[in-house]
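Asker: mind folding the following:
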Amino acid sequence: MAFICLNDKALYCRRIVTLIVGLFCQRKLSTQILLTGTGIFIKDIQRLDFTVSPHQLKRLFDNANRQWEGNDLTFLLGQMLYTDLADTHANLLNRSNDLNVKYSNFYRFLQLSQPWIQLINFNINAKKHLLISPDFGFETNNRFILEVFSSSLSFLFKNIDMRFSFPFSKPSNTSQYLKYLNSNITFDAPIMCVSASGYERIELRQYDFDYRLAKSSAIQKVQVSSKQIGLPRKVKSHLLKESFKLPQLASNLDMSVATLKRRLKEFDTCFGQIQDEANLIKSLILLAEHDPSKTAKQLNEQDISNFRRAFKRWTGSLPSRYYLWLS
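Answerer: Model prediction:
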C-alpha cells in the first residue's frame, strides 16, 4: 500500500472541510480567518474531486479549534459526518446487523471520512476493543480528532454500550462528553481505547439488496482511495507485525535510512518514537491476558526489569497498573 507524505494533496476530505466551513457560516464566524494559511479556498471545496494534504488539514483544525466559540465543535462534526442517509456508505453502516460486521463496515468508511485515524481492533473475553492513535503526525491535534472520532462512533453505535478511555487529563467540558457520548468515560489512559460487548440486532431481510449494493459501493470507494495512509502509520503497521531495525524497515519501504528519517521528521516524529508506540500497543494487548512477567517474555524481553523501565517511560506507570485493563 502506498502512503502519503506531509504535503501530498491526496486526502479526499471534502466532507469534513465542508462541514467545518458550514458550521462557521451558521455561527457567523469568519471563514476567511478560518482558512487563513491553509491554502484552501471556497471555490476549491466546491469541486467534487477536492483533495487536501495532511499539512493543510492540520492548519484547518488548528484554526477551527482556536476560533470556535464554545466547546462543542468536535462533537457536532462527529455527529454530522454520517447523518446523510442517502449516502450508500451511511446505509451500509446503519444496516449492519452485529457488532463485528458493523465495525468492519465502519473501518471502510473511516478510511474515507477520517483517514487521520489509525485503528487497531481485537477481541478479548467476548469484548471488542479499539485502540486509536493519530496518523500524519496529528499528535498536536490529538484531542480534536479523538473527540470527532468518538462522537461519530457513538452516533453510529448508539444502541451499543461503549466505554471510552481518553489519553489526556479530564477536560473542563465534560458535559459535552456526557451529552454526546455516555457516562462510561475515563481519562488519563495510556492510549485511546473504545471497548464494547454485545450485539446490535436489526432485522435485515427487507434491506438485503440495499445492503449488498452499499457494501459493493463502499469497497469500490476504498479501493479508489487506497493511498489514504500516512508514513508514520505505515511504519507503525510494520512494527506491530515484526520487530524491525531501522535499516531493515527502510529497505522494506524502498528508502535509504536518511530519507526515512527525514520524511518522519516532517511529521514531527522519528523511528524511535513510533517504535515505542508500537511496543506500548503490543504490551497493552498482551497485558489483557498475561501478567507483566509473561508479557515481557512474549515480547522477547528476557529481563523483566528492563520491560518495567521501558513501560514506565512510555506511560509514566508500571505495567502492573494495566494488567487486565482491557479484560
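Asker: and the helices in the stretch 51-200 of the chain?
Answerer: Chain-ordered helices for the stretch 51-200 of the chain, with DSSP state H, counting those that start in this stretch as the definition, fall at 54-67, 73-80, 88-94, 99-113, 142-156, 174-180.
Asker: any stretches of the protein with poor pLDDT?
Answerer: 1, 84-99, 198-227 (pLDDT under 70).
Asker: let me see the contact set for the spatially most central residue of it.
Answerer: Using Cα atoms, centre = their mean, the residue of the chain that lies closest to the mean C-alpha position is I117, 2.4 Å off. Residues touching I117, when contacts are defined by Cβ atoms under 8 Å, 6 or more residues apart in numbering, comprise L110, I132, S133, P134, D135, I145, F149. Yep, even glycine has a C-beta here, placed from its N, CA and C like the rest.
Asker: next: R47.
Answerer: Contacts were defined as Cβ under 8 Å, 6+ apart; by that measure R47 touches R14.
Asker: against D276, how distant is it?
Answerer: The gap separating R47 from D276 is 40 Å, by Cβ to Cβ, to the nearest Å.
Asker: now swap in S320 and tell me
Answerer: Here the distance between S320 and D276 works out to 19 Å (Cβ to Cβ).
Asker: between those two, which one's more packed in?
Answerer: Taking other Cβ atoms under 10 Å, S320 and D276 do not tie; D276 has more neighbours (15 against 12).
Asker: what's the helix or strand for the closest residue to that one other than its chain neighbours?
Answerer: Counting by Cβ to Cβ, 6 or more residues apart in numbering, D276 lies nearest to W314, which is 5.6 Å off, once chain neighbours are set aside. Element membership for W314, per DSSP states H and E: helix 304-315.
Asker: tell me how this structure divides into domains.
Answerer: The chain breaks down into these domains under automatic domain parsing: 9-69, 71-224, 231-322.
Asker: now do the SS call for the residue nearest to P115 when sequence neighbours are not counted.
Answerer: Using Cβ to Cβ, 6+ apart and skipping the chain neighbours, the partner closest in space to P115 is Q228 (4.0 Å). Judged by DSSP: H, G, I helix; E, B strand; the rest coil, the three-state class of Q228 is coil.
Asker: number of residues surrounding Q228?
Answerer: Look at Q228: counted by other Cβ under 10 Å, it has 23 neighbours.
Asker: which ones are touching it?
Answerer: Residues I4, A10, L11, Y12, Q111, L112, P115 are the ones in contact with Q228 under the rule Cβ under 8 Å, 6+ apart.
Asker: between those residues, which sits nearest T36?
Answerer: For these, the minimum distance to T36 (Cβ to Cβ) is 19.7 Å, reached by L11.
Asker: how distant is the helix holding W314 from the center of its chain?
Answerer: Helix 304-315 has its C-alpha centroid displaced from the chain centroid by 25 Å (Cα atoms, centre = their mean, to the nearest Å).
Asker: and what of stretch 300-320?
Answerer: 26 Å.
Asker: swap in stretch 317-327?
Answerer: In terms of Cα atoms, centre = their mean, the centre of stretch 317-327 is set 22 Å apart from its chain centre.
Asker: what residues does it touch?
Answerer: Counting by Cβ under 8 Å, 6+ apart, stretch 317-327 makes contact with 124-125, 127, 129, 190, 193, 195, 283-285, 287-289, 291-292, 295, 307-308, 311-312, 315, all of which sit outside it.
Asker: neighbours around Q273, how many?
Answerer: Using other Cβ under 10 Å, Q273 has 16 other residues around it.
Asker: wait, is it part of a helix?
Answerer: Yes: according to three-state DSSP, the state of Q273 is that of a helix.
Asker: leaving out the residues flanking it, which one is nearest to R59?
Answerer: Taking Cβ to Cβ, 6+ apart, and ignoring the residues beside it in sequence, R59 has T38 as its nearest neighbour in space, at 4.5 Å.
Asker: swap in T74?
Answerer: Taking Cβ to Cβ, 6+ apart, and ignoring the residues beside it in sequence, T74 has E147 as its nearest neighbour in space, at 3.6 Å.
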